[in-house]
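> task: produce atomic coordinates for the following.
(one chain, ligands or ions: 1)
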Amino acid sequence: MTPPVETRGLTKRFGALTAVDTLDLTVHAGEVYGFLGPNGAGKTTTLRMLLGLIRPTAGEVRLFGEPPGRLDGVGALIEGPAFYPYLSGRDNLRVMARHAGVTPDRVAVVLEQVDLTGRARDRYSTYSLGMKQRLGVAAALLKDPRLVILDEPTNGLDPAGMADMRLLVRRLGASGCTVLLSNHLMTEVQELCDRVGIIAGGRLIAESTVAELRGDRTLRLVATPLDAAAARARTLLGAAAVRITDGGLDLAVTPDRAAEVNATLVGAGIAVSELRPEERSLEQAFFALTGGNGND
Ligand SMILES: Nc1ncnc2c1ncn2[C@@H]1O[C@H](COP(=O)(O)OP(=O)(O)OP(=O)(O)O)[C@@H](O)[C@H]1O
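The predicted structure follows:
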């Protein structure tokens with residue numbers, strides 16, 4: 001099946017700066033794909049090339065096998081759309097529907113999809129930032145797209161606004177729509193996305209499922225004295241598997257070794273106050289991949 005998004009060798013240079021560097025991305029049908037990277041990593045530039053808003057210096061983009069700009073089946077929220085502040089949300093969408101050649105009955109459908117039916121008659125200028133963002137998504141959905149591209153949809157939102165946007169993205173994904181969203185917040189991506197592409201300095205450094213990136217579960221240990229515990233753990237598990245962080249030890253071994261670790265330390269007169277399985281966060285995975293060149 002032709003993937004909704006595929007880029008090969010995608011590159012964009014601005015003068016001497018290579019903003020996007022030979023990027024090979026693949027987004028599969030029906031997935032919520034997170035495009036993750038710190039500010040300035042090249043996310044927006046990539047999304048703009050996907051949409052045909054700017055031309056690549058080299059490489060190519062295919063959306064459902066076609067060059068960008070040829071398809072009706074793609075909706076996007078990138079650099080917030082221009083709405084009329086004095087018009088209601090609904091009237092703004094009506095104007096857009098007319099321009100897009102979409103039947104007016106789509107307006108009520110998309111308002112419902114983004115949970116704005118109750119506020120549809122209110123002026124755009126009275127909307128919260130979260131509502132404005134959701135109206136932007138509604139505009140992207142007018143043409144009933146198969147692929148939705150959202151650039152930092154939760155950026156600047158308060159926790160409630162973020163939660164609403166997450167719900168909306170999840171619902172889109174559940175409805176079978178393919179969603180590609182960019183974000184610099186790893187916790188957001190971790191919660192929302194099936195797969196992620198991690199970009200840093202314009203280069204794709206990993207593309208995988210969130211579960212694969214996070215890897216196997218590990219062990220977290222708190223013990224006194226910590227140095228002695230670290231020394232014993234290194235002897236037992238190997239030096240590379242033991243890391244001292246935040247007043248405890250991260251042990252890069254599977255949780256089935258907990259009893260053995262506990263017995264060894266207690267046998268050496270070390271007081272173990274905490275020993276539990278831990279999942280690596282996407283953030284830890286990201287730092288491991290980028291060598292600490294990470295999130296802001
Ligand atoms: N039109 C342009 N002219 C020159 N440089 C640009 C242009 N657009 C982007 N850049 C540069 O390209 C790099 C990547 O920018 P981009 O906006 O794609 O990053 P980003 O990952 O989306 O970051 P952010 O989350 O801050 O938007 C940055 O160094 C940026 O300054």
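> and the helix or strand harbouring Pro277, what does it pack against?
For Pro277, the host element (DSSP states H and E) is strand 271-278. Here strand 271-278 is seen to pack against strand 218-224, helix 258-267 when contacts are counted using 3 or more CB pairs under 8 Å, 6 or more residues apart in numbering; DSSP states H and E. For the C-beta atoms, the positions are set from N, CA and C on the backbone; glycine is no exception.
> what are the structural domain limits within the protein?
5-213, 216-279 (automatic domain parsing).
> next, the distance between the ends of the longest one.
With CA to CA, to the nearest Å as the measure, the ends of domain 5-213 fall 21 Å from one another.
> what about that domain and the ligand, any contact?
Yes - using CB under 6 Å from any ligand atom, domain 5-213 reaches the ligand at 14, 17, 19, 37, 39-45, 184.
> just give me the neighbour total for Leu236.
Applying other CB atoms under 10 Å, we find 17 other residues in the vicinity of Leu236.
> wait, it touches Thr264, no?
Yes - if you go by CB atoms under 8 Å, Leu236 and Thr264 touch, sitting 5.3 Å apart.
> still on that earlier bit, counting neighbours, which bits of the helix or strand following the strand holding Pro277 end up buried?
On the C-terminal side of strand 271-278, the closest following helix or strand by DSSP H and E is helix 282-290. Neighbour counts over helix 282-290 (16 or more other CB atoms under 10 Å) mark 282-286, 290 as buried.
> by pLDDT, give me the weakest of these.
Lowest in pLDDT among those is Thr290, which has 69.
> tell me how far stretch 111-126 is from the chain's mean position?
Centroid separation for stretch 111-126 versus its chain: 26 Å, with CA atoms, centre = their mean, to the nearest Å.
> now do the end-to-end distance for it.
16 Å.
> give me the mean pLDDT for it.
Across stretch 111-126, pLDDT averages out at 95.
> for stretch 52-70, same thing?
Mean predicted lDDT for stretch 52-70 stands at 92.
> in that stretch, what counts as buried?
Using 16+ other CB under 10 Å as the test for burial, stretch 52-70 gives 52, 54, 56, 59, 61-64, 68.
> ok, those vs Leu10, which is closest?
Gly59 (3.9 Å; CB to CB).
> quick one: that closest one is in a strand?
Yes - counting by DSSP: H, G, I helix; E, B strand; the rest coil, Gly59 is found in a strand.
> go ahead and confirm it touches Thr22.
Yes - with contact defined as CB under 8 Å, Gly59 and Thr22 form a contacting pair (6.7 Å).
> residues shared between the contacts of those two?
Counting by CB atoms under 8 Å, 6 or more residues apart in numbering, the shared contacts of Gly59 and Thr22 are 9-11.
> can you flag which of these belong to strands?
Those of the shared contacts of Gly59 and Thr22 mapping onto strands are 9-11, per DSSP state E.
> by neighbours, which of those wins?
Highest count within these by other CB under 10 Å belongs to Leu10, 25 neighbours.
> ends of stretch 77-97, what's the gap?
Taking CA to CA, stretch 77-97 runs 15 Å from one end to the other.
> same check, this time on stretch 169-185
15 Å.
> residues of that stretch that come out buried?
Neighbour-count burial for stretch 169-185, counted by 16+ other CB under 10 Å, picks out 169, 172-173, 177-185.
> pLDDT wise, what is the residue of the stretch 51-200 of the chain found nearest the ligand at?
Taking CB to the nearest ligand atom, the ligand has its nearest neighbour within the stretch 51-200 of the chain at His184, 5.3 Å off. Looking at His184, its pLDDT is 84.
> shouldn't it be in contact with Gly42?
No - in this structure, His184 is not within contact of Gly42 by CB under 8 Å, at 11.7 Å.
> got the contact list for Gly197?
Contacts of Gly197 (CB under 8 Å, 6+ apart): 25, 33-36, 204, 206-207.
> quick revisit: can you flag the buried ones in the residues of domain 5-213 next to the ligand?
The neighbour-count test (16+ other CB under 10 Å) applied to those identifies 19, 37, 41-45, 184 as buried.
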